[in-house]
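[1] Sequence unavailable; structure follows:
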């Protein structure tokens, strides 16, 4: 970044972080999510060719949440060089935090017609455990979603980064962390519904959770959250903070010897990333209608990494693309060829790491660069180069 | 160690006195105190790795504004000594003082860098995925806490300083190139440039001219000589011609302690040094 | 008095004459209508004529004792009838034979009486069994019999049992002094059942003590405490052993990692699936033996060891050649790629062998165990696994430290370019070392098949644990892996004792995370310049 006039208002700087073309894309996406989707889902009759089904809204809404997680992951992995295998934990914590509120919103409509959530009645509990206090308030739920994951991430990150745990060591430890949390949540006594987790939600802020209007609003909120995440991430990676973060990734000792303390930079990115995941989790749960401890499984957390790797690390649009590609493939495979999904996913991991170090975004950039070179070299062969680019 | 009890000799270089020494000056913890014109004290430093003594009761002082060369065969403990000074390795025994008041063994690497110790590694370490300009910008002396970095902007004074350094290290034309694309010698220069941006009081340079052409080496020597006086420099080098060019005092390390100290000629005439270098 | 009778009994046993007759008056009450009187008759008969009573009581238990008029007879095979008193065949068979029906109460009495009688058998094994049975169900009426048995018994183990049974029986005595002596003797036991037996003596029933005599009560308390101490000791010993065996499983799982991760620096997330390959090899060998070599089925496990090693090693070599080789120096990418391989291998197993767990049976020579104490049984399969892991450890140490391959591996890991310069074929060494690590995982899998479920998902359960072992032990250290594995195993088992399995696991994981903060390099840290970067 060349010197720019000092004291530029923050909001202007935020705005200038994208170029005009990116802004157009974002605007297009916002228009789609906030206007087109509601119209196509609510206003058009079900048999209209442009009608969007509930299935579509749920699927894309879910993937929007995943995309937020992917960007959050990219922030620490792609830019910070810290591979977390425990991000599923923060996602699930956000989901559980908001799920508590949704459970309380069921009220007496559960199968036991009790004020307590069904699973507590089943366990023969007489009153809410202390950590459920306040869970009937929406604002408290939002607070829980933001604060609990942030706190856990901060404390864990502080000790890990302070002891200079990095690289695969850190990855393995985060994996152990989410694994331990999963075991904890699997227990009935923990007070989060054990194996089954939370499900059968009825209402959110008094509105029926399955109503098309609610769905559309949740969808729009997810889209806005994704846009917000992208803006924030873009600002961060273009700020000096972002440059220090990448510098830590590339040469941590040099960063220390020029006077930055990597601990706080890493910790800041790590905690922010965890909070973004938690927000995604909180948006995910009402749309999917269930949260259980398997969200914290080691496999889930590693899958997040592959979204980022497939899309392209160290770019912001890459993780979003990756999340969409992998999850669309997943929903197609699990319906059409369930037995081949793991083969595909496994191969994807191998291929992405071996042949796509920059992900599809990098591949695209390379192809375009190649084509441009081809054009420059000989105008006559453009068609051939384009054909090659399109075919590859 | 208590400088307040002793009459402070006023330095002839006004740079060294800023904020500190008059007669009976007050001790300011955390502030560099050069009232005795010594910037670095190493006393009886011992570092051992699994029984192997990398440093063995090493004692060394560097004067303020001095240009000191340190030579010694492989394994003499040169790099470990730098690790100890910059906080990367904690000594098992001994004390390291920066000026009269600052105990370096109690500070972390970033803190040591912040109070004015800059270090250049043996292998050039720069940020290869950042441009040359950004490398210098990151190194620049400024508030380096997270919050500041989140909202930091470059003012024109800072831009001028970077441009100045770019001229000095002759990389003005490459300012927007990725640092990873530079030649080895250019990377060495960039790292030196980053060091200068930090405005350190003490520069530790580990083999700064390795991999440079003769011309580059010569220019580096000139640069260092121009820095001496305003900064204190400790240069670890194997290249005797370069050491000769620098001309300052030379310390010979051997098996973790000081074997000899003096001018290059004196050291080269020392019988023990010859033995160590030519084999026993 | 007792001694005299015992002497008599010895004489009787010594002569062992089948013709010796029983007093018919003793036999007649066996056919009484009243169960109480029948039971009394059984006891009387046993006491009066232990040797001759056996066939009669056995006949009674087998519903072939009958009454012909006033004479008690035994019904033999083919309609033959014998006189119960003299054991002579009655020809022609008397008329009006009525079988003596018995109810369950009598049947129980018969069983314990028969057991008591077997205490005098000539075969040690039969007496040992009988002594154990007597211990299960003993009452005061057996006292004289036990006295007699004690007088003749020479085997210390059986005597021990008999003394215990004697004391148990004495608890029912009306004489407080006898009870006191019995309670004191019982204090020597380390059998949880004895504790149960003594407990009521220290309890109140309503307002009154169940045991009226305060001295007996106090003695019972002391005895219970000393039994409990012994029980706790045995419990801890047992836990230490299960911990040891869990540790050796972890060790087998982690030893392979100690090479691939510890020595080569490759994070292999498919390590658990290599265990799975080994376990499926054991299953495959079992199937092969079952169909082709059913006579030697018990020895399939021995064949499974080389097969498990080689198949896992083969998979490992392929992995290294196809994928990992291209990712050296990029640990995070290696981690992701090997995770992909693990998903792939899991699905392969699911496609080939089905999603269900397959059944791998222990060979018969691994069944049972060594009983160290009444409440401490060390199962053979676990003992063998501990021994096996020690053997694998020694073999691995030997390969790394004594063989040429080991030397190459160490050379390559210390300084790859230099090793290449002096002619070490670094590429081949990498492949072989990885194959070795994978093969050892395969051996771990073979061992696992004997104590855990074998299925496509089995590997996933071990990956976190085995990485924890390596992380805890420190990189590049065999000794570290050994101590970490055993320590984790024993610690987890002890923790499980008072927190339950899940919480124990969580606590262990959290403790490891905390521990790593303090010593990021693990238990056995390498120090020096090469540690960083």
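    That came through fine. No experiment lies behind these values; they were computed from the predicted model shown. Numbers count the residues shown, from 1 in each chain, chains lettered A, B, ... in the order given.

[2] quick one: contacts for residue C:260?
    For residue C:260, the contact set (CB atoms under 8 Å, 6 or more residues apart in numbering or on different chains) comprises C:266, C:268, C:271, C:316, C:433-434, C:437-438. Every residue, glycine included, has its C-beta placed from N, CA and C.

[3] can you rerun that using 7 Å?
    By CB atoms under 7 Å, 6 or more residues apart in numbering or on different chains, the contact list for residue C:260 reads C:266, C:268, C:434, C:437.

[4] What mean pLDDT does stretch B:159-175 get?
    Stretch B:159-175 comes out with an average pLDDT of 89.

[5] Would you mark the buried spots in it?
    Using 16 or more other CB atoms under 10 Å in any protein chain shown as the test for burial, stretch B:159-175 gives B:161-163, B:165-166, B:169, B:171, B:174-175.

[6] Ok, stretch A:293-308 next?
    In stretch A:293-308, counting by 16+ other CB under 10 Å, buried: A:293-298, A:300-308.

[7] Mind checking which of the residues you listed land in helices?
    The helices, defined by DSSP state H, take in A:298, A:300-308 from the buried residues of stretch A:293-308.

[8] confidence score at the residue of the stretch 51-200 of chain C found nearest chain A?
    Residue nearest to chain A within the stretch 51-200 of chain C (CB to the nearest CB): residue C:192, separated by 28.4 Å. Residue C:192 is assigned a pLDDT of 72 by the prediction.

[9] same deal with the one 5 residues further on?
    As summarised for this prediction, residue C:197 has a pLDDT of 73.

[10] which SS class is it?
    helix (DSSP: H, G, I helix; E, B strand; the rest coil).

[11] Could you find the closest non-adjacent residue to it?
    residue C:168 (6.1 Å; CB to CB, 6 or more residues apart in numbering or on different chains).

[12] so the one you found sits right up against residue C:139, yeah?
    No. When contacts are counted by CB atoms under 7 Å, residue C:168 is not listed as touching residue C:139 (8.5 Å).

[13] ok, back up a step: so which of the contacts of residue C:260 sit within helices?
    Secondary structure from DSSP H places C:434, C:437 of the contacts of residue C:260 in helices.

[14] any idea what the closest residue to chain B within the stretch 51-200 of chain C is structurally, helix, strand or coil?
    Nearest residue of the stretch 51-200 of chain C to chain B: residue C:190, at 48.0 Å (CB to the nearest CB). Here residue C:190 is recorded as coil under three-state DSSP.

[15] sorry, back to before: for residue C:168 and residue C:139, indicate the residue with more neighbours.
    residue C:168 (27 against 13; other CB atoms under 10 Å in any protein chain shown).

[16] sec struct for the more buried one, please.
    Per three-state DSSP, residue C:168 ends up helix.

[17] Flag the shaky bits of the stretch 151-300 of chain C, pLDDT-wise.
    C:210-212, C:262 (pLDDT under 70).

[18] Please disregard the earlier target; I meant chain A.
    In chain A (pLDDT under 70), the answer is A:1-15, A:374-392.

[19] Count residues in the vicinity of the residue in the stretch 51-200 of chain A positioned nearest to chain C, would you?
    Across the stretch 51-200 of chain A, the shortest distance to chain C (CB to the nearest CB) belongs to residue A:180, at 3.9 Å. By other CB under 10 Å, the residues close to residue A:180 number 23.

[20] shouldn't it be in contact with residue C:512?
    No. Look at residue A:180 against residue C:512 with CB under 7 Å: they stay out of range, at 9.3 Å.

[21] Am I right that residue C:247 is in contact with residue C:489?
    Yes. Using CB under 7 Å, residue C:247 is in contact with residue C:489, at 2.5 Å.

[22] how about stretch B:212-223: buried residues?
    Residues B:212, B:216-217, B:219-221, B:223 are the ones in stretch B:212-223 that count as buried (16+ other CB under 10 Å).

[23] State the mean pLDDT of it.
    pLDDT averaged over stretch B:212-223 gives 87.

[24] Show me how far that stretch is from its chain's centre.
    Relative to its chain's centre, stretch B:212-223 lies at 18 Å (CA atoms, centre = their mean, to the nearest Å).

[25] List of residues touching that stretch?
    B:185, B:188, B:208-209, B:242, B:245-246.

[26] Could you point out which of those is nearest to chain C?
    When those are compared against chain C (criterion: CB to the nearest CB), the nearest one is residue B:188, at 19.2 Å.
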